[in-house]
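Sequence first, predicted coordinates after that:
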Amino acid sequence: MIVVSGTSTRQVTAMAEHLVIKLKSLGMAVRSEGKKQGDWVLVDAGDVVVHLFRPEVRAFYDIERLWASAIARPPAAKAPARPAAKKTGKAAAKAKSMAKSAARRKTARKPA
């Protein structure tokens, strides 16, 4: 996603038209919306989406903030992991020993 500002409706429309012409000359399938109004023009080139705004409209919609909050969110909960195979013999003894060591280190760090 690319977000761009123009100084006026005429400039936003001109930039969008130029972008569409260039992308089509590269053989890309391009669609656009909003050229009549020129406040917010969306150019969809498949993998790339370009938003062209007048500054007031860009500030009003503030799509950067919306997308930034979506990126900052933790990923959706994953399916629960399969339970590990039960350890036996030496592997079980080693795992138990490591767990005890970790517990001792954890309690040693607690403030008095």
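Looks like it came in fine.

what's the nearest residue to Glu17 if we skip its chain neighbours?
Lys35 (7.0 Å; C-beta to C-beta, 6 or more residues apart in numbering). The C-beta positions use only the backbone N, C-alpha and C, and glycine is treated the same way.

For Ala92, see how far away the one you found is.
For Lys35, the distance to Ala92 equals 69 Å [C-beta to C-beta, to the nearest Å].

Tell me which stretches of the chain form strands.
2-5, 31-33, 40-44, 49-53 (DSSP state E).

picking up where we left off before, identify the residues contacting the residue nearest to Glu17.
13, 16-17, 41 (C-beta atoms under 8 Å, 6 or more residues apart in numbering).

Now rank these by neighbours and give me the top one.
Val41 (26 neighbours; other C-beta atoms under 10 Å).

How confident was the prediction at that one?
Listed pLDDT for Val41 reads 96.

try Trp67
pLDDT at Trp67 comes out at 76.

Test my guess that it contacts His51.
No: counting by C-beta atoms under 8 Å, Trp67 stays clear of His51, with 10.3 Å between them.

among the helices and strands of this structure, which one scores worst on average pLDDT?
The helix or strand of the chain with the lowest confidence, counting by mean pLDDT, DSSP states H and E, is helix 89-109 at a mean of 69.

picking that back up, rebuild the contacts of Lys35 as a markdown table, extending it with distance to Met28.
Below are these laid out as a markdown table (distance: C-beta to C-beta, whole Å):
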| residue | distance to Met28 |
| --- | --- |
| Thr13 | 20 |
| Ala16 | 15 |
| Glu17 | 15 |
| Val41 | 17 |
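
Among these, which pair sits farthest apart?
Glu17 and Val41 (8.9 Å; C-beta to C-beta).
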